[in-house]
Each structure stands twice: as C-alpha cells, then as structure tokens.
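> from the sequence below, what's the structure:
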Amino acid sequence: SLQRPATGPALKRMFLHAWRLSFNHPASGERVELTAELPPELRQFADHGSPV
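Model (predicted):
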C-alpha cells in the first residue's frame with residue numbers, strides 16, 4: 001500500500017520516470033523519439049538507496 005509507513009529511506013515523490021518516449025507526429029506522421037536521463041534525486045536514490 002502507498003499509505004504504509006516507510007521502513008527505510010524514502011523519496012518525497014513517486015519514483016516514476018520515462019527514459020524514452022516515441023510516437024508518430026500527428027501532423028507529419030514522422031517518428032518522434034525523446035529521451036531523458038534520471039533527475040539527480042532519482043539517480044541518487046537508485047545508486048545509494050537514499051534521498052538527496
């Protein structure tokens with residue numbers, strides 16, 4: 001459950017990230033692909049298991 005107390009380090013936000021998103025452009029039909037690295041606070045948590 002999302003409402004239970006944390007038993008260890010916790011983020012103050014959801015750990016939700018789309019590394020890559022691709023779709024066909026609605027007007028041109030051209031394939032569009034966007035990528036994004038993890039934000040620093042999520043990278044810190046992923047690497048060390050603790051928030052910034």
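
> those helices in this structure, which residues are they?
Shown for the chain, the helices assigned by DSSP state H span residues 40-48.

> pLDDT below threshold where in it?
1-9, 50-52 (pLDDT under 70).

> need the contact list for the residue most central in space within the chain.
To find the centre residue of the chain, average its C-alpha atoms and take the closest one (CA atoms, centre = their mean): that gives residue 17, at 1.7 Å. Residue 17 makes contact with 36, 38, 39, 42 under the criterion CB atoms under 8 Å, 6 or more residues apart in numbering. Where you see a C-beta, it was placed from the backbone N, CA and C, and this is true even at glycine.

> mind redoing it with 10 Å?
36, 37, 38, 39, 42, 43, 46 (CB atoms under 10 Å, 6 or more residues apart in numbering).

> determine which two of those are furthest apart.
36 and 46 (14.4 Å; CB to CB).

> what about the nearest residue to residue 18 once chain neighbours are set aside, neighbour count?
Counting by CB to CB, 6 or more residues apart in numbering, the nearest residue to residue 18 once its immediate chain neighbours are dropped is residue 36, at 7.1 Å. The burial count assigned to residue 36 is 10, neighbours taken as other CB atoms under 10 Å.

> for residue 14, see how far away residue 36 is.
Using CB to CB, to the nearest Å, one gets 16 Å for the distance from residue 36 to residue 14.

> same deal with residue 30?
Plainly put, residue 30 is 32 Å away from residue 14 if you go by CB to CB.

> my guess is residue 41 meets residue 10, correct?
No - counting by CB atoms under 10 Å, no contact exists between residue 41 and residue 10, whose distance comes to 11.8 Å.

> quick one: the strands in the chain, in order.
In chain order, the chain shows strands spanning 20-24, 31-35, with DSSP state E as the criterion.

> in JSON lines, list those along with mean neighbour count.
Below are these laid out as JSON lines (neighbours: other CB atoms under 10 Å):
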{"stretch": "strand 20-24", "mean neighbour count": "9"}
{"stretch": "strand 31-35", "mean neighbour count": "9"}
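
> quick one: neighbours of residue 45, just the number.
Residue 45 sits with 19 neighbouring residues when counted by other CB under 10 Å.
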